[in-house]
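> need the 3D shape of this:
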Amino acid sequence: MNKYLEKLAKLTITNILIVSSSWQGIAHADHVSEAIVRRANLGSRCHVEAAIPFRGTMGGSYSVRRQSNGGGFSISEFPKKISNGSLSVNMMCFNITDLHFPRDTSVRFDENTQTWKKDFSERDYVNSAENRRRLNAASRVYTIHAKNSTGYVYTENDLTGEESRRDRNMSFCLLRPPKALCGNGIVMRLSDPKSDTLPYVFQILKSMEFIEDAPETAGIADEK
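Numbers count the residues shown, from 1 in each chain. Next comes the predicted model:
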């Protein structure tokens, strides 16, 4: 297990600092919508539920035989006055001690501040001061506190390709030892500021809850 994950597993939820100034406005009147609680079953000790706005969906499935799982949440259409975009986020559940746990090579846990910070030291192609400067300017990391888990959200803007087609990419992990719920998706077309759906990713992840007493099923998520 990575050292910072070992430390994180020992933390209590109340000791985590939330640092996310860019999404404090999601509770404003223009951004409030009726949300429906959806559930997804990603295997043992990884039943989760979250409030999904704008008639969005969430689901998942798992295979005991293959020891695999997968799911996600999506919003196919937002009110035009809020966003021109749509939202689709993939997610998987892992054991923190599993060798396949997807350690993000762009973040690390800071033991002193008990927050997540950017760290590009293990990124293969960031081999010069100029590359690090550009990547640092194009990315952000947030520590996030959900219902009964903690973790991070990391965003990174495309730096190559046709400018009109560049996106803002997002990855996250919510940790509730011994499990971690991780995922990724595109949250904005950079050429269209009104396509930004990141505030709703925060809204959904903050509402995410691991359901300890959810009944086992035959491997199909409960999508209400």
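> walking through the protein, point out its helices one by one.
Per DSSP state H, the chain carries helices over the ranges 3-10, 129-137, 198-207.
> quick one: the longest one to chain centroid distance?
Read that as helix 198-207. Relative to the chain's own centre, helix 198-207 is displaced by 8 Å; criterion: Cα atoms, centre = their mean, to the nearest Å.
> cool, stretch 74-94 as well?
Distance, centroid of stretch 74-94 to centroid of chain: 12 Å (Cα atoms, centre = their mean).
> next one: stretch 184-203
On Cα atoms, centre = their mean, the centre of stretch 184-203 falls 12 Å from the chain's centre.
> and stretch 83-95, by the same measure?
Taking Cα atoms, centre = their mean, one finds stretch 83-95 lying 7 Å from the centre of the chain it belongs to.
> give me the pLDDT for residue 10.
Note for residue 10: predicted pLDDT of 37.
> related to what we said a few turns ago, deepest of the helices of the chain, which one?
helix 198-207 (a mean of 21; mean count of other Cβ atoms under 10 Å). Bear in mind the C-beta positions are built from the backbone N, C-alpha and C, glycine included.
> for it, output the C-alpha coordinates as PDB.
C-alpha atoms of helix 198-207 as PDB (Å, rounded to 0.1, in the frame of the first residue of the first chain):
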ATOM      1  CA  LEU A 198     -17.700  20.000 -12.900                       C
ATOM      2  CA  PRO A 199     -19.900  21.700 -10.300                       C
ATOM      3  CA  TYR A 200     -22.400  18.900 -10.700                       C
ATOM      4  CA  VAL A 201     -19.600  16.300 -10.300                       C
ATOM      5  CA  PHE A 202     -18.800  17.900  -7.000                       C
ATOM      6  CA  GLN A 203     -22.500  18.000  -6.100                       C
ATOM      7  CA  ILE A 204     -22.900  14.300  -6.800                       C
ATOM      8  CA  LEU A 205     -19.700  13.100  -5.200                       C
ATOM      9  CA  LYS A 206     -20.400  15.100  -2.000                       C
ATOM     10  CA  SER A 207     -23.700  13.200  -1.800                       C
END
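> what's next to that helix, contact-wise?
20, 22-23, 25-26, 31, 35, 50-54, 73, 75, 78, 83, 87, 89, 142, 144-147, 153, 155, 168, 170, 172, 174, 185, 187-188 (Cβ atoms under 8 Å, 6 or more residues apart in numbering).
> mean pLDDT for the helices of the chain: which is lowest?
helix 3-10 (a mean of 42).
> so, low pLDDT: which residues of this structure?
The chain contains residues with pLDDT under 70 at 1-33, 99-102, 213-224.
> that one: strands as residue ranges?
Ranges of strands in the chain, per DSSP state E, are 35-41, 47-53, 57-63, 68-75, 87-95, 107-110, 115-118, 139-145, 150-157, 167-176, 179-189, 209-210.
> just put those in CSV and tack on mean neighbour count.
Shown next, in CSV, are the strands of the chain (neighbours: other Cβ atoms under 10 Å):
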stretch, mean neighbour count
strand 35-41, 19
strand 47-53, 22
strand 57-63, 20
strand 68-75, 20
strand 87-95, 21
strand 107-110, 20
strand 115-118, 18
strand 139-145, 20
strand 150-157, 21
strand 167-176, 22
strand 179-189, 21
strand 209-210, 18
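> that older thread, got the helices of the chain as a markdown table, with distance to residue 42 columns?
Formatted as a markdown table, the helices of the chain follow (distance: least, Cβ to Cβ, whole Å):
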| stretch | distance to residue 42 |
| --- | --- |
| helix 3-10 | 19 |
| helix 129-137 | 31 |
| helix 198-207 | 15 |
